[in-house]
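Peer 1: Provided below are the primary sequence and the corresponding predicted coordinates.
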Amino acid sequence: MALFNKIGKDDSQNKVLNGSPESIPAVVKGIINNFKTKGYETMHQVSDNNSHDILVQKAGALGLKTVLKVTVGQLKNNRINFKTTEYGLFNSKLDDEALKIAELMVSSYSDTSVPGFSALKASFFANASKPSKPKLGGSSSKGSW
């Protein structure tokens, strides 16, 4: 990660989620929106292999940053690769929070047992897959960090 100097520990976790790759845009949007509402800066880019990279960061005490990198990509057979790497001096549990959001979004995408859910799902996920225009401190669709 070229945006910062690595300080302290580097905790990584990799998980395979069972779910439709069509839910990936909603997973990305859910993670970005969650952390933005908590005051974190986020950046988003789509790599050449169509995986989504999300960078979440926030300056803390003494100017030290907590940084989380999330990569979400499609695997074969309705599986999604979800990888997080957290950098910082302290374990902030951002990776666990991002994973919970991803699991919720994937399970919500496939849950058709709720009455009226299909229409709600279609509306939400159609909006989630629309790319947003890049803006400072926001999301961007392609480019280098």
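Peer 2: Ah, there it is. As the structure is a computational prediction, the values presented were derived from the model and not from experiment. Residues are numbered from 1 along each chain as shown.

Peer 1: can you classify F35 as helix, strand or coil?
Peer 2: Here F35 is helix, with the state taken from DSSP: H, G, I helix; E, B strand; the rest coil.

Peer 1: hey, which helix is longest across the protein?
Peer 2: helix 94-110 (DSSP state H).

Peer 1: return the list of helices and strands in contact with that one.
Peer 2: Helices and strands touching helix 94-110, by 3 or more CB pairs under 8 Å, 6 or more residues apart in numbering; DSSP states H and E, are strand 9-18, helix 24-37, strand 52-59, strand 65-75, strand 79-88, helix 117-128. C-betas here are computed from N, CA, C, even on glycine.

Peer 1: try it again at 7 Å.
Peer 2: strand 9-18, helix 24-37, strand 65-75, strand 79-88 (3 or more CB pairs under 7 Å, 6 or more residues apart in numbering; DSSP states H and E).

Peer 1: so which of these is nearest E97?
Peer 2: Of all those, helix 24-37 sits nearest to E97, with 7.3 Å by CB to CB.

Peer 1: what angle do the very next helix or strand once past the closest one and helix 24-37 make?
Peer 2: Proceeding N to C from helix 24-37, the next assigned helix or strand is strand 41-46, under DSSP states H and E. Strand 41-46 runs at 160 degrees relative to helix 24-37, counting by axes from the mean of the first three to the mean of the last three CA atoms, to 10 degrees.

Peer 1: tally of neighbours for G60?
Peer 2: Neighbourhood size, G60 [other CB atoms under 10 Å]: 13.

Peer 1: which ones are touching the residue lying closest to it once chain neighbours are set aside?
Peer 2: Among residues not flanking G60 along the chain, T66 sits closest, at 5.8 Å (CB to CB, 6 or more residues apart in numbering). Taking CB atoms under 7 Å, 6 or more residues apart in numbering, we find T66 in contact with Q57, K58, G60, G88, S92, L94.

Peer 1: among these, which ones are buried?
Peer 2: Neighbour-count burial (16 or more other CB atoms under 10 Å) is assigned, among the contacts of T66, to Q57, K58, G88, S92, L94.
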